[in-house]
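> I'd like to go over a predicted model; first the sequence, then the structure.
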Amino acid sequence: MYVGSNPTLSASYDDAPARGRFRVWLRRLFTSLWWQLADLKSLSAEMTAFSRATLALRAPAVRSLERAVAGAPGQNHCPPTTATRRMETPLTPLDFLRRARKLHGSREAVIDGDLRLTYEAFGQRCDRWSSALAKLGVKQGDRVATLAPNTHQHLEQYYAVPQHGAVIVPMNYRLVADDFVYLANHSGSKVLCAHADYLDTVDKVRDEMTTVEHFVALEGGKPGWLDYEQLLAASDGVFERPSIAEGELLSINYTSGTTSRPKGVMITHRNAWVNAIGTLAHLPMTPADRFLWTLPMFHANGWTYTWIVTAAAALHVCLRQVDATTVYRLVNQERITMLCAAPTVLIAIASGPEDGRMALRRGVRVVTAGAPPAAATIERMEGELGWTITQVYGLTETAPFISICAPLPEHDALDPVARAQIKARQGGELMTSGDLRVVDEQMRDVPRDGATLGEIVARGNVVMKGYYDDPDATEKAFRGGYFHTGDAAVVHPDGYVEIRDRYKDVIISGGENISSIEVEGALLRHPAILEVAVVGMPHERWGESPHAFVVLRPGQSSTAAEMREFARGVLAHFKVPSAFTFVQELPKTATGKIQKFVLRGGKAAIAKQ
């Protein structure tokens, strides 16, 4: 930085007397340095050149400069230094547990069956596991895979692994052995931690897991497996906390892989922190909240609620297997105030045994995502159970939320049906998620007419670092400077986005675009239908036509003719399915998404899943 080239320093310099000029120059120098210099060392060259001309002017102003450089007391305009820059700390969700232990150490943090842990006890367990990992040879950047349902040991991995500088790799426990081999090898996992339910499955293929050096049984035990609890008991909890940059990897989360091998989504500390804070801004939690784990923790890090609940110093209530009866019991017994669930889980809760359903405590707040919920499901949950439903939208690649259907004051005046229809939309951007657009093939924004289809694209601090070891897929997903979701949507006049389909699931019949989600939502208003999925099937005349696969409610019966007649009363005739197939179950991924590619494969491919 040169004075002569800086207008802040050079302006009006010649208009002052000699001593006054020096003081003006000095004051302007401080002003400029305050904003422009990152280190006081950059003063040296300039001060050396200037010292010969100013040696005789050892005025109070010069002594003030010396005191400022030395950090003399009373100075309030000391320029920033390398030391002051170190006051900034990385944005990481690990800080949430540090705060919870400091301010809420004696507060109950985790319930898992009969086990109850305070935040201090939970934190100590995490520290002991971090120390044990170090003794197993795990270093910063190494991968640690976890294969478990929603247990307290699983929850501990989201703190113990990354605070040691390693990367957590949550595995979908509903996959098969061959998938576990692929995930372990692709991620390069050095340690695999598995729940007792999966030890036998892993043992069959452990020799194929070429990168795994240690197999740890989180619960139960077998020969050849290290015992998690014994390792914790032998650990002193002492480990060296590495310096972690917010852009470093926190987790590798694998996509569903319904049509190809799963892709490893690289989530950074910054991604997770920004998503957690943004979610809390829109969906506040306090230490009084009690969160039920109806959502798999492995799914996008439990939508980052593995960290969000801790950030609020609220209570984690673990749920190892989701069924309506168990949910009813825990909601009442543990006074649950909040939970997250995919629409399929909402349907199960809303359709469980009536005696348990009617006895449920009211006022529970529900966050739903994973697939667009039907308005009819929202109506039933809010009207019958007295619960509040909020839909969020996102993907594993966006850490995961990029929109929320936030309630607006004008929605209060709507009747329940109209309000549920709006709540079934995906809404608008979170404060922290970044820019969300719906664009055509030329990346132009579609009009806000609620009809023109485009693709949802996003850019912001929650978007993944990329796909692990897959630069081609990363480049394709990030084309045009935005992450491409593959979701087809419209934008309503109020700016709220509504997904109409996955682009690959849009049905084109006789030249008309048909949203399978719209057809499904209409059919779900039939009192006999529990679940339905609509896909495009070949049609001689129209090229493609909607085909509905229907799951009826227990004790209900219906026919294709009756369904068709009902559909003609609520849909445009070209959107009415040309065929109805009744099935016992719909094929789904572990996160509740319906596998429409299985349905498209033909009736022979449809079996009890």
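Thanks, I have it.

> Poorly predicted segments of the stretch 251-400 of the chain, please.
Within the stretch 251-400 of the chain, the segments meeting pLDDT under 70 span 257-260.

> cool, the stretch 51-200 of the chain as well?
The low-confidence ranges in the stretch 51-200 of the chain, as defined by pLDDT under 70, are 51-85.

> Which residue ranges of it form strands?
108-112, 115-118, 143-147, 167-170, 189-194 (DSSP state E, counting those that start in this stretch).

> could you say what helices and strands the first one packs with?
The reference is to strand 108-112. strand 115-118, helix 119-135, helix 152-163, strand 315-317 (3 or more Cβ pairs under 8 Å, 6 or more residues apart in numbering; DSSP states H and E). C-betas here are computed from N, CA, C, even on glycine.

> May I have the distance across stretch 400-410, first residue to last?
28 Å (Cα to Cα, to the nearest Å).

> Stretch 499-512: end-to-end distance?
Note: stretch 499-512 ends 17 Å apart using Cα to Cα.

> Flag every buried residue along that stretch.
For stretch 499-512, the neighbour count (16 or more other Cβ atoms under 10 Å) marks 499-503, 505-507, 509 as buried.

> Which one of these is nearest to residue 451?
Residue 451 lies nearest to residue 500 out of the buried residues of stretch 499-512, by Cβ to Cβ, at 9.6 Å.

> just checking, the closest one touches residue 514?
No. Shown here, residue 500 and residue 514 do not form a contact pair, counting by Cβ atoms under 8 Å, at 9.2 Å.

> Residues that sit against both of the two, list them.
Any residue near both residue 500 and residue 514 by Cβ atoms under 8 Å, 6 or more residues apart in numbering counts here, and that gives residue 506.

> where does the closest residue to residue 206 other than its chain neighbours fall, helix, sheet strand or coil?
Of all residues not flanking residue 206 in the chain, residue 215 sits nearest, at 6.4 Å (Cβ to Cβ, 6 or more residues apart in numbering). What DSSP: H, G, I helix; E, B strand; the rest coil gives for residue 215 is strand.

> dump the residue contacts of residue 215.
Counting by Cβ under 8 Å, 6+ apart, residue 215 has contacts 191-192, 194, 202, 206, 224-226.

> Of all pairs in those, which one spans the longest distance?
Of all the pairs that those form, the one spanning the most space (Cβ to Cβ) is 191 and 224, at 14.0 Å.

> Pick out whichever of those two has more residues nearby.
residue 191 (25 against 11; other Cβ atoms under 10 Å).

> how close does that one get to residue 252?
14 Å (Cβ to Cβ, to the nearest Å).

> And residue 427, by the same measure?
For residue 427, the distance to residue 252 - Cβ to Cβ - is 29 Å.

> any residues in contact with both of residue 191 and residue 252?
Joint contacts of residue 191 and residue 252 (Cβ under 8 Å, 6+ apart) are residue 143.

> Return the residues in contact with residue 304.
Going by Cβ under 8 Å, 6+ apart, residue 304 touches 93, 272, 275-276, 279, 399-400.

> Kindly recompute the last result at 10 Å.
93, 158, 251, 267, 271-280, 311, 399-401, 462 (Cβ atoms under 10 Å, 6 or more residues apart in numbering).

> Might you specify the subset of the residues you listed located within helices?
Among the contacts of residue 304, the ones falling in helices (DSSP state H) are 158, 271-280, 311.

> Of all pairs in those, which one is the farthest apart?
158 and 278 (18.3 Å).

> Counting neighbours, what do you get for residue 249?
20.

> Revised request: answer the last question for residue 212.
20.

> Could I get the contacting residues of it?
Residue 212 makes contact with 143, 145, 181, 184-185, 188-192, 202, 206, according to Cβ under 10 Å, 6+ apart.

> do that again at 8 Å, thanks
145, 184, 189-192, 206.

> quick one on the thing from earlier: in the beta-sheet assignment, what are the partners of the residue nearest to residue 206?
With DSSP bridges as the criterion, residue 215 is bridged to residue 192.

> so what's it scoring on pLDDT?
pLDDT, residue 215: 98.

> how near is it to residue 207?
Taking Cβ to Cβ, one finds residue 215 at 11 Å from residue 207.

> center of this structure - which residue?
Nearest to the geometric centre of the chain sits residue 400, at 2.9 Å (Cα atoms, centre = their mean).

> re earlier: widest-spaced pair of the contacts of residue 212?
190 and 206 (13.7 Å).

> Residue 547 and residue 539 touch, don't they?
No. The pair formed by residue 547 and residue 539 falls short of the contact definition of Cβ under 8 Å, at 9.0 Å.

> which of those two has more neighbours?
Set side by side, residue 547 and residue 539 show more neighbours around residue 547, with 22 against 16, by other Cβ under 10 Å.

> list the contacts for that one?
Here residue 547 is in contact with 534-537, 577-581, 599 (Cβ under 8 Å, 6+ apart).

> Can you check the pLDDT for it?
93.

> Residue 572 too?
So residue 572 comes in at 80 (pLDDT).

> Buried subset of the contacts of residue 215, written for ChimeraX?
Listed next is the ChimeraX selection for buried residues among these, using 16+ other Cβ under 10 Å:
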select :191,192,194,202,206,225
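
> Of the contacts of residue 215, which is the nearest to residue 233?
residue 226 (12.2 Å).

> For that closest one, report the pLDDT, please.
So residue 226 comes in at 98 (pLDDT).

> For the remainder of this discussion, apply numbering that starts at 849.
Okay, residue one is now 849; in that scheme the one you just asked about reads as residue 1074.

> nearest residue to it other than its sequence neighbours?
residue 1064 (4.7 Å).
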